[in-house]
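Novice: here are the coordinates; sequence isn't available:
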């Protein structure tokens, strides 16, 4: 079972990036999926969540209104559209799957993790 992220890179503040995550080894259609991030010296932070059944979404307070999560069940993929990027959004972004529906903001409750993709926002 593997989650592979792509789409990270260097962007100027105010710009946009779209992260992609593709799962392999099993179908993730019946799993909640999401994104976390971790900046150097900081704790892992919840970014976005999408439920397995009805595409309910939720976001961390710091990204609400700027980031959008979406998924493609047929292709076992989840995406994170990031707009109006700020320097404080710089971090390694991790794709996750298999989270508990009542604890999805907690990193300990996600079963599968990708290897991460670096996002750097310059001023």
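Specialist: Perfect, thanks for sending it. What you see is a predicted model; the values in this text were computed from it and never measured.

Novice: going by C-alpha atoms from here, please, whenever you check contacts or count neighbours.
Specialist: OK.

Novice: ok, the residue positioned nearest the centre of the chain - contacts?
Specialist: With distances taken as C-alpha atoms, centre = their mean, residue 35 lies nearest the centre of the chain, 2.2 Å away. Going by C-alpha atoms under 8 Å, 6 or more residues apart in numbering, residue 35 touches 46, 47, 48, 49, 80, 93, 94, 95, 96.

Novice: gap between the closest residue to residue 99 other than its chain neighbours and residue 22?
Specialist: Closest residue in space to residue 99, ignoring its immediate chain neighbours: residue 110 at 4.1 Å, by C-alpha to C-alpha, 6 or more residues apart in numbering. Shown here: residue 110 relative to residue 22, a distance of 16 Å by C-alpha to C-alpha, to the nearest Å.

Novice: cool, and residue 6?
Specialist: Between residue 6 and residue 22 the computed distance is 9 Å (C-alpha to C-alpha).

Novice: what do the two both touch?
Specialist: Between them, residue 6 and residue 22 share no contacting residue under C-alpha under 8 Å, 6+ apart.

Novice: just the helices in this structure please.
Specialist: Counting by DSSP state H, one finds no helices in the chain.

Novice: low pLDDT regions in it?
Specialist: Counting by pLDDT under 70, the chain shows no low-confidence range.

Novice: tell me which residues touch the residue nearest to residue 97 when sequence neighbours are not counted, please.
Specialist: Computed as C-alpha to C-alpha, 6+ apart, the closest residue to residue 97 that is not its neighbour in sequence is residue 33, at 4.2 Å. By C-alpha under 8 Å, 6+ apart, the contact list for residue 33 reads 49, 50, 51, 52, 78, 95, 96, 97, 98, 99.

Novice: can we see that at 10 Å?
Specialist: 21, 48-52, 55, 57, 69-71, 77-79, 95-99, 104, 110, 112-113 (C-alpha atoms under 10 Å, 6 or more residues apart in numbering).
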